[in-house]
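Trainee: turn this into a structure:
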Amino acid sequence: MSQAPPRSSVTRELLDLLSSMRFAIALLSVICIASVIGTVLRQSEPMGNYINQFGPFWAEVFGKLGLYTVYSAPWFLVILAFLVVSTSLCIARNAPKILVDLKSYKEGVREQSLQAHHHKAIAELPCNPQMALAEIGATLTQLGWRARVQQRDNGIMVAARRGAANRLGYLAAHSAIVLILVGGVLDGNAMVKLAMWLQGKQLYTGSGFVSDIKPEHRLSTANPSFRGNVSVAEHQRQGIAVLSLPSGVVLQDLPFDIELKKFSVDYYPTGMPKSFASDIVIRDGATRREATVKVNEPVIHDGLAIYQSSFEDGGSKLKLRALPLTHGGTPLPIEGRVGTKLGFGEQTLELDGLRVINVENLAGEGSSSGADVRKVDLGDALGKHLGSGAKSNSAKALHNVGPSFSYRLRDASGQAREYNNYMLPVELDGQKLFLAGVRDTPAENFRYLRIPADENGSLDDWLRLRQALADPALRDAAAQRYAAAATPPHQPHLTPQLMLTAQRALTLFSGAAAKPGDEVKGGLPALSQFIERDVPESDRQRVSEVLLRILNGGLFELHQLARERAGLPPAAADAAAQGFMTQAVLSLSDSLYYPSPVLLQLQDFEQVQASVFQVARAPGQKLVYLGALLLIVGVFAMLYVKERRLWVWITPGAALASSQVRMALSSTRESPDNATLFAQLKAAVLKEPS
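Mentor: Got it, this is the predicted structure:
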């Protein structure tokens, strides 16, 4: 029965494993693979994005493995720790040997061993050994060799070396790995989590204002390492940073307050920010310091770096008008600030943002992006019911289309839709249109309702027509007017039939005939459904043309009735009125699929900008910089500096006053230039032709 190995033997084997190069390379390979995963797979995205990409099962598996936050996953940090230990042990194990070897010239080698070297030579010099030693020593010193001499009874051994930096490169490269890894961990989330554990703090997973978050979610100013964002509105001050972690946020108290005096931004012709800077005041107790923070030009104060990260709305004051789309409603004024919530019937109105500049391509083709309204290509078809957009093959035409604002309407169950409306009409293909966008989720593009502007540049005419369409009495009156105007004088018996057809068309178009839950709620899709369901296929083309002509006529009469009720003169039957009605028919059809019975219009605003700073205390930054420098030096030394040793054995020659000189060269790496170097040495030391 075998006995267990002694404890010292097990410890020795464990240390040998940890300090072995193979173990370190294996750990480094795993870290490289994990880094590739962290680069390919987007980190810290909402869980819904991963579910859509991988499916519920694999999304949960990958989440358990920590692949969505690779660089702060426990297993990744454990591997980093083992790599640091392994590399440190390698340094501790080999550094003494390297340091001893740097001092050793190996002058004690036996003269017979010189014969075993690949590069060797022997020659007679016409001088005694002492004179030969003096000449050889001067020659080697001139060639950059450092030498040591050993006097023996039977001769003189000269040991020289060059390229000792090669060994120092090993220490520099391995030390660089340790410094970079330690510096990265010091500046990562691991230190924040450690500080939370030591201070007894918890992650905050809710929403709301920073001032409402309780102290158990706030770290003290003594936290040695952190990196967070500070949002400061103009003429306001803030002394708390928000640290984002995978499962929530934690607040970080700063040892000073940042006050934003002024924020300035310049734009490219495309509407994207060109440069932005913040004039700030740092208030540290009784100390007051003014500074300007620019992109890539941080301000350092009390060991903390303040970077210009981005900018956002700082609570602009908005004056809105709620326009009801249903019959009988009256416009309602609303005032609020961006970032606040207001009661809105059974829903909650969340004012999200204001953009004063929106540079759009009004003629090109492209895909719209819901991530940033400045990227929405208004010349492209915007899709679905809320997007009967113009298409154009013309070249790009960039224009500033004026301010826009975004908001959310959230119901009692917490579900919300996002809206984005432009303040001013946008001219597309010669028609001025108001744009009202909506999307169900942030992953979707905005779909736009295009509302034609009237002769006064407002949407009042269209709104009156939209409300009149929802009034059964006005629809009947418009059908009667249309029938009377369209009946041929010699065929008065057609009037009742035309009136019934016009009533039917307006009723279908208005959605009054739709039942709750129907997918088709009205508009042009309702007319299409009616024709496909009730008209024989052979007559559909003819009936659809007649029905659309009757619909257009009925809507025009409805438009005239709405203007009369508002005390306005009748609309002129000219090209402008025809263009208005053509777009009105399309937008009225789309408005029936607009998910809100109220349209919010921006009347006026008072802009307040906010600057987003990144505040960082990074003690590991200098370690990383030092490690990077050592890594460059170490790799260069190991790859481009070769350690070479030269031995010269001098004995008295056969002739009087002569010396026999035997020489040998060795190198850490064999290469063709070793032969060239040895030939030069023979020519210089042994006086032989190279």
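Trainee: show me where the stretch 101-250 of the chain has its helices.
Mentor: Under the criterion DSSP state H, counting those that start in this stretch, the stretch 101-250 of the chain contains helices at 129-142, 165-186, 189-199.
Trainee: tell me which strands and helices the first one is in contact with?
Mentor: Helix 129-142 sits against strand 146-152, strand 155-162, strand 644-652, strand 659-667, helix 672-685, with contacts defined as 3 or more CB pairs under 8 Å, 6 or more residues apart in numbering; DSSP states H and E. The C-beta positions use only the backbone N, C-alpha and C, and glycine is treated the same way.
Trainee: OK, contacts around Asp187?
Mentor: By CB atoms under 8 Å, 6 or more residues apart in numbering, the contact list for Asp187 reads Ser225, Arg227, Ala616, Ala618, Pro619, Gly620, Gln621, Val624.
Trainee: list the buried ones in stretch 162-174?
Mentor: 162-174 (16 or more other CB atoms under 10 Å).
Trainee: so which of the helices and strands packed on helix 129-142 comes closest to Pro489?
Mentor: Relative to Pro489, the nearest member of those by CB to CB is helix 672-685, separated by 109.8 Å.
Trainee: how much space separates Glu537 from Leu508?
Mentor: 19 Å (CB to CB, to the nearest Å).
Trainee: surely Tyr307 is in contact with Pro298?
Mentor: Yes: counting by CB atoms under 8 Å, Tyr307 does reach Pro298; the two are 4.6 Å apart.
Trainee: what's near enough to touch the residue nearest to Gly155 when sequence neighbours are not counted?
Mentor: Nearest residue to Gly155, sequence neighbours excluded (CB to CB, 6 or more residues apart in numbering): Thr651, at 4.0 Å. For Thr651, the contact set (CB under 8 Å, 6+ apart) comprises Pro129, Asn154, Gly155, Ile156, Ser659, Gln660, Arg662.
Trainee: how about 7 Å then?
Mentor: Pro129, Asn154, Gly155, Ser659, Gln660 (CB atoms under 7 Å, 6 or more residues apart in numbering).
Trainee: so which residues of the stretch 451-600 of the chain form helices?
Mentor: Counting by DSSP H, counting those that start in this stretch, the helices of the stretch 451-600 of the chain are 460-469, 472-486, 495-510, 523-534, 540-565, 575-591.
Trainee: who's in contact with Ala241?
Mentor: Neighbours of Ala241 in contact, by CB under 7 Å, 6+ apart: Gly228, Asn229, Val230, Gln252, Leu254, Val615.
Trainee: inside strands: which ones of the residues you listed?
Mentor: Gly228, Asn229, Val230, Gln252, Leu254, Val615 (DSSP state E).
Trainee: quick one, which of the helices of the stretch 101-250 of the chain gets closest to Tyr422.
Mentor: Comparing the helices of the stretch 101-250 of the chain by CB to CB, helix 189-199 comes nearest, at 40.5 Å.
Trainee: now do that closest one: which elements does it pack against?
Mentor: strand 218-219, strand 237-245 (3 or more CB pairs under 7 Å, 6 or more residues apart in numbering; DSSP states H and E).
Trainee: which of the ones you listed sits closest to Gly144?
Mentor: The nearest among the helices and strands packed on helix 189-199, by CB to CB, is strand 237-245 at 54.4 Å.
Trainee: could I have the CA atoms of the closest one written out in CSV?
Mentor: What follows is strand 237-245, C-alpha atoms only, in CSV (Å, rounded to 0.1, in the frame of the first residue of the first chain):
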residue,chain,number,x,y,z
ARG,A,237,-24.0,71.8,-9.6
GLN,A,238,-23.6,68.1,-8.8
GLY,A,239,-21.3,66.2,-6.5
ILE,A,240,-22.5,62.6,-7.1
ALA,A,241,-21.3,60.2,-9.8
VAL,A,242,-23.4,57.2,-11.1
LEU,A,243,-21.4,54.0,-11.4
SER,A,244,-23.1,51.5,-13.8
LEU,A,245,-22.7,47.8,-13.0
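Trainee: what angle do that strand and helix 189-199 make?
Mentor: Here strand 237-245 runs at an angle of 110 degrees relative to helix 189-199 (axes from the mean of the first three to the mean of the last three CA atoms, to 10 degrees).
Trainee: how far away from the center of its chain is strand 237-245?
Mentor: With CA atoms, centre = their mean, to the nearest Å as the basis, strand 237-245 stands 19 Å off its chain's centre.
Trainee: circling back to that earlier point, could you export the contacts of Asp187 as CSV, including distance to Ala483 and pLDDT?
Mentor: Listed next are these as CSV, based on distance: CB to CB, whole Å; pLDDT from 0 to 100:
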residue, distance to Ala483, pLDDT
Ser225, 80, 90
Arg227, 73, 90
Ala616, 75, 92
Ala618, 79, 88
Pro619, 84, 88
Gly620, 83, 87
Gln621, 81, 87
Val624, 82, 90
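Trainee: got a ChimeraX select line for the buried ones in those residues?
Mentor: Typed into ChimeraX, the line below selects the buried ones among the contacts of Asp187, using 16+ other CB under 10 Å:
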select :225,227,616,618,620,621,624
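Trainee: can you tell me which of the helices of the stretch 451-600 of the chain is most buried?
Mentor: Neighbour counts (mean count of other CB atoms under 10 Å) averaged over each of these peak at helix 460-469, with a mean of 23.
Trainee: re the thing from before, between all of the contacts of Ala241, which two are separated the most?
Mentor: Asn229 and Leu254 (11.7 Å).
Trainee: give me the more crowded residue out of those two.
Mentor: Per other CB atoms under 10 Å, whichever of Asn229 and Leu254 has more neighbours is Leu254, with 23 against 17.
Trainee: wait, that one sits on Arg617?
Mentor: No: assessed by CB atoms under 7 Å, Leu254 is found out of contact with Arg617, at 9.4 Å.
Trainee: how is the chain carved up into domains?
Mentor: Under automatic domain parsing, the residue ranges defining each domain of the chain are 7-100, 110-163+646-685, 188-313, 324-457+602-606, 464-600.
Trainee: the ones you listed: which one's closest to Leu629?
Mentor: domain 7-100 (16.9 Å).
Trainee: which SS class is Leu260?
Mentor: Of the three states, Leu260 takes strand under DSSP: H, G, I helix; E, B strand; the rest coil.
Trainee: neighbour-wise, which of the contacts of Thr651 leads?
Mentor: Busiest of the contacts of Thr651 [other CB under 10 Å] is Ser659, holding 24 neighbours.
Trainee: identify the residue spatially nearest to it, adjacent ones excluded.
Mentor: Ala132 (4.2 Å).
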